[in-house]
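Asker: Quick one, structure for this:
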Amino acid sequence: MDLQEATKKRILALCDEKNITINKLATLAGVRQSTVNNLIDGTSKTPTLLTVLRLCLGLDMQLKEFFDDEVFKDLDDE
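Answerer: Model prediction:
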């Protein structure tokens, strides 16, 4: 699994956990809906740290909490 796929899985899992849509997350995070959609559908292959940070703020969590998940443990070396 690569970083893009792991980030996508983490975002979807957190949205499911908090019972919000990705569109609601975009609103909470103050990012464009298309930005989140591009992360989810794979159009954006390299999510920026700033975008992930904004999503974390929208999810009311710290950046380290976002990345402290099993999905990031086995990333492919690319």
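
Asker: pLDDT below threshold where in the chain?
Answerer: 76-78 (pLDDT under 70).

Asker: How about the contacts made by the residue nearest the centre of it?
Answerer: Centroid-nearest residue in the chain, with Cα atoms, centre = their mean: Ile11, separated by 3.7 Å. By Cβ atoms under 8 Å, 6 or more residues apart in numbering, the residues touching Ile11 are Ile22, Leu25, Val36, Leu39, Ile40, Leu55. Yep, even glycine has a C-beta here, placed from its N, CA and C like the rest.

Asker: My guess is Thr21 contacts Cys15. True?
Answerer: Yes - with contact defined as Cβ atoms under 8 Å, Thr21 counts as touching Cys15 (6.6 Å).

Asker: neighbour-wise, which of these two wins?
Answerer: For Thr21 versus Cys15, neighbours defined as other Cβ atoms under 10 Å are more numerous around Cys15 (19 against 12).

Asker: Name the SS class of the more buried one, please.
Answerer: helix (DSSP: H, G, I helix; E, B strand; the rest coil).

Asker: can you start the count at 8 instead of 1 from here on
Answerer: Right, with 8 as the first residue, what we last looked at is Cys22.

Asker: host element of the residue nearest to the centre of the chain?
Answerer: With elements taken from DSSP states H and E, the one containing Ile18 is helix 10-25.

Asker: quick one: buried residues of that helix?
Answerer: Ala13, Thr14, Lys15, Lys16, Arg17, Ile18, Leu21, Cys22 (16 or more other Cβ atoms under 10 Å).

Asker: Okay, helices next: where are they in this protein?
Answerer: Here the chain has its helices, by DSSP state H, at 10-25, 29-36, 40-48, 56-65, 70-74.

Asker: between those, which one is nearest to Lys80?
Answerer: Of all the helices of the chain, helix 10-25 sits nearest to Lys80, with 9.0 Å by Cβ to Cβ.
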